[in-house]
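**Student:** Got a predicted structure here, sequence first:
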Amino acid sequence: MSAAWLVVREGRPDLDPVRMGLTAAQAEACAVDREILVRAGAGSGKTATLSARYLRLLVGLAWDAALDDPAFPAPDLDRVLVLTFTEKAAREMADRCQARLRDLVRALDALPVPPAGLDATAFPPFVASLHHLLDHIDAARISTFHGFCARLLREFPAETGAPPAFDVLDEDEAMPLREEVTDACVAALLDAGGPDLGLLLDALGGLPALRVALTRLLGERGTLLPGLARHAAGLGSLDAFLARAAVLPAELDRRLGARVLPLLDAVLAATGPGPRTPFRDRLADLAARTRAPPADPLDRYDRLHEAVALLDTGGGVPRTLTHASVLGLKAAWPTGAYAGAKAALAALAPAAAEVAGWVGECRTLPNGLDRALLPVLAALGRALGDAAARYEAALEARRALDFSALQAHVAAAVAAEPAFLARLRDRHRHVMVDEFQDTDAVQWSIVEAVGRPGGRLRGGIFLVGDPQQAIYGFRGGDVTVFSAVEAGFGALGSPAVVLPHNFRSDPALIEWFNAVFQPILGSPSPTRPPWEAPYQPVEAGRPPGGGGVTVVTHAEERGEAARLADARAV
């Protein structure tokens, strides 16, 4: 009976997630007094967790309304905003929340007396308040991001700069318009025949690729156009580019001078008496070029890339300096010199490991090719600027907005209109985001602005997702937003809550998953993107179903398929 879900804490009704059948990790994710970010893999009970937390917030709203106006307790459903990415997901979430609320209301109606510890006079208004929520649950703010933004633009046209009586174009309607605009933009580039066209064709590989790129960039212009516009305006200089590098030029020079060059020289000194090897020749050439560093900072970054490539054998695993590829054949060494050289190289292993460990970081650092990239970015910024202007004009002529425009209007108003933002913060005290791995930077800027007034952490934000299930990159979803936000939570002492169970798969299959993937993906790797955390063993969340796992090799594949087909036919 779901009345058992209800507990009394400090005289207030609350829901106990464990009594609702949630695991300890799910119960932790249902906390409403702090910000929560949840990593939830497939089948981990994410929807059950989100709906339980939502219901817990509704119970708090119902109690407050009962105390404020016992005669007519009418909680404000707007207080909790739930955002997701598809209409189907929003409907499923609303249905799940409605079903849980209905179960709770029916159970409380059947109680002969109020729960112990709860004010008996406030209990009937509290139950009436929950009835009010159930009667109006269809108006709950559970929607897609673009649905939420469209509603705000219609409600606040002056604050958001929305066109009057606009239509919203879905992706199927917007894509042909973007393609039409792209064709006009490319035709203008061909007519102009300037240097931009040659740069873009060389970089992208031809006109079809240019059309595809511009069409996609139009759909993501809200996040990409500002940066490309800076390049187009000449603000994307080499100095500005280097100022944003993960390793700044001053730190780069320190690493080359204090770490890389001494290591190279030490290896050369240790192997000097021995035979020449291809590795030693490459090392000597790099040391000579590093000793006289070029003035061009991009060339100096190339020295670091070369050093890491020499000393990394894959995934940050350092080269074994005592290997024959470094030392050469023992027989080619002068008598008695080989053992001393091998000992000296063994002592250099920690320094080699340090340099090899920079391989993941090096993936993000500038290199010599970036010099050629800067003018291409400027040309792409000018082309996208032209395409965006044409596209916005076409939308205006139709009195329409696409998903990107909806978000851009709201984000701009949130940033520029303090009174508008204050109203949103007062209206939506809690913001919950489902499938957070598919959020882009613009969407997160809206969530953060509304859920964190003045940057303070008041517990108003709840985020749940799985970076390894990111699927909306084609629509502008940016999984790196998840990793950046997760790092921010961790820096504030609030690490992600991980839901370790799988309630969808049979335990035998989960056991096989863990046995296969843990040895391969279970350790951190600098070559993996930051959002790809090491594989975490999955715990079975359902009883055994009696099945097993059959591994079919390539050679057995055809016969096994025939056997399974025969078994199904019986």
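**Tutor:** In hand now; what should we look at?

**Student:** So which elements touch the helix or strand where residue 151 lies?
**Tutor:** Residue 151 belongs to helix 145-155 when assigned by DSSP states H and E. Counting contacts by 3 or more Cβ pairs under 8 Å, 6 or more residues apart in numbering; DSSP states H and E, helix 145-155 is packed against strand 80-84, helix 403-416. Placement of C-beta: from N, CA and C, glycine included.

**Student:** what comes up buried for the longest one?
**Tutor:** Residues 403, 404, 405, 406, 407, 408, 409, 410, 411, 413, 414 are the ones in helix 403-416 that count as buried (16 or more other Cβ atoms under 10 Å).

**Student:** Moving along the chain from it, name the first helix or strand you hit.
**Tutor:** helix 418-427.

**Student:** outside of that next one, which residues touch it?
**Tutor:** Taking contacts as Cβ atoms under 8 Å, 6 or more residues apart in numbering, the residues outside helix 418-427 that touch it are 78, 79, 152, 156, 159, 160, 413, 414, 449, 450, 453.

**Student:** Kindly reformat those as CSV containing distance to residue 269.
**Tutor:** Formatted as CSV, these follow (distance: Cβ to Cβ, whole Å):
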residue, distance to residue 269
78, 72
79, 70
152, 68
156, 71
159, 70
160, 68
413, 65
414, 61
449, 58
450, 61
453, 61
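
**Student:** Let's have the residues you listed in JSON lines, adding pLDDT.
**Tutor:** Formatted as JSON lines, the contacts of helix 418-427 follow (pLDDT from 0 to 100):
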{"residue": "78", "pLDDT": "92"}
{"residue": "79", "pLDDT": "93"}
{"residue": "152", "pLDDT": "95"}
{"residue": "156", "pLDDT": "95"}
{"residue": "159", "pLDDT": "93"}
{"residue": "160", "pLDDT": "93"}
{"residue": "413", "pLDDT": "95"}
{"residue": "414", "pLDDT": "94"}
{"residue": "449", "pLDDT": "92"}
{"residue": "450", "pLDDT": "92"}
{"residue": "453", "pLDDT": "75"}
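
**Student:** Helices of the stretch 301-450 of the chain, residue ranges please.
**Tutor:** 324-327, 337-347, 349-356, 359-362, 369-398, 403-416, 418-427, 441-451 (DSSP state H, counting those that start in this stretch).

**Student:** now for the ones you listed, which one comes closest to residue 246?
**Tutor:** helix 359-362 (6.0 Å; Cβ to Cβ).

**Student:** Which of the contacts of helix 418-427 sits closest to residue 242?
**Tutor:** residue 449 (30.6 Å).

**Student:** can you list the weak-confidence ranges in the stretch 401-550 of the chain?
**Tutor:** Judged by pLDDT under 70, the stretch 401-550 of the chain has its weakly predicted residues at 454-459, 470-479, 520-534, 545-550.

**Student:** At which residues are the strands of it located?
**Tutor:** 430-433, 461-465, 497-499, 501-502, 539-540 (DSSP state E, counting those that start in this stretch).

**Student:** For those strands, give me CSV that also has distance to residue 101 and mean neighbour count.
**Tutor:** Formatted as CSV, those follow (distance: least, Cβ to Cβ, whole Å; neighbours: other Cβ atoms under 10 Å):
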stretch, distance to residue 101, mean neighbour count
strand 430-433, 16, 24
strand 461-465, 18, 25
strand 497-499, 23, 21
strand 501-502, 25, 20
strand 539-540, 29, 16
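
**Student:** Using a markdown table, lay out those together with distance to residue 340.
**Tutor:** Below are those laid out as a markdown table (distance: least, Cβ to Cβ, whole Å):
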| stretch | distance to residue 340 |
| --- | --- |
| strand 430-433 | 62 |
| strand 461-465 | 56 |
| strand 497-499 | 50 |
| strand 501-502 | 56 |
| strand 539-540 | 53 |
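
**Student:** Nearest to residue 245 among the ones you listed would be which one?
**Tutor:** strand 461-465 (28.8 Å).

**Student:** hang on, the earlier thing: which of the contacts of helix 418-427 are buried?
**Tutor:** Using 16+ other Cβ under 10 Å as the burial test, those include 79, 152, 156, 159, 160, 413, 414, 449, 450 as buried.

**Student:** What is the nearest of these to residue 105?
**Tutor:** Nearest to residue 105 among the buried ones among the contacts of helix 418-427, with distances taken as Cβ to Cβ, is residue 79, at 18.5 Å.

**Student:** out of the buried ones among the contacts of helix 418-427, who's nearest residue 130?
**Tutor:** residue 79 (14.5 Å).

**Student:** gap between that closest one and residue 446?
**Tutor:** For residue 79, the distance to residue 446 equals 17 Å [Cβ to Cβ, to the nearest Å].

**Student:** now do residue 103
**Tutor:** Counting by Cβ to Cβ - residue 103 and residue 446 are separated by 33 Å.

**Student:** Likewise for residue 331?
**Tutor:** 70 Å.

**Student:** Same check on residue 306?
**Tutor:** 43 Å.

**Student:** From the neighbour counts alone, determine which of these two ranks first.
**Tutor:** Neighbour totals were compared for residue 306 and residue 446, and residue 446 leads with 24 against 18 (other Cβ atoms under 10 Å).

**Student:** who touches the more buried one in this structure?
**Tutor:** 149, 407, 410, 411, 414.

**Student:** Now with 6 Å, please.
**Tutor:** Contact analysis of residue 446 by Cβ atoms under 6 Å, 6 or more residues apart in numbering lists 410, 411, 414.

**Student:** so can I have a markdown table of those residues showing distance to residue 18?
**Tutor:** Below are the contacts of residue 446 laid out as a markdown table (distance: Cβ to Cβ, whole Å):
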| residue | distance to residue 18 |
| --- | --- |
| 410 | 38 |
| 411 | 39 |
| 414 | 37 |
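
**Student:** Now flag whichever of those residues is closest to residue 321.
**Tutor:** Using Cβ to Cβ, these come closest to residue 321 at residue 411, 52.4 Å.

**Student:** Would you mind listing the residues in contact with that closest one?
**Tutor:** 442, 445, 446.

**Student:** State the distance from it to residue 268.
**Tutor:** Counting by Cβ to Cβ - residue 411 and residue 268 are separated by 55 Å.

**Student:** same thing with residue 488?
**Tutor:** 44 Å.

**Student:** follow-up on the earlier one: any chance of the helices and strands packed on helix 145-155 in JSON lines, plus distance to residue 20?
**Tutor:** Converted to JSON lines, the helices and strands packed on helix 145-155 look like this (distance: least, Cβ to Cβ, whole Å):
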{"stretch": "strand 80-84", "distance to residue 20": "18"}
{"stretch": "helix 403-416", "distance to residue 20": "34"}
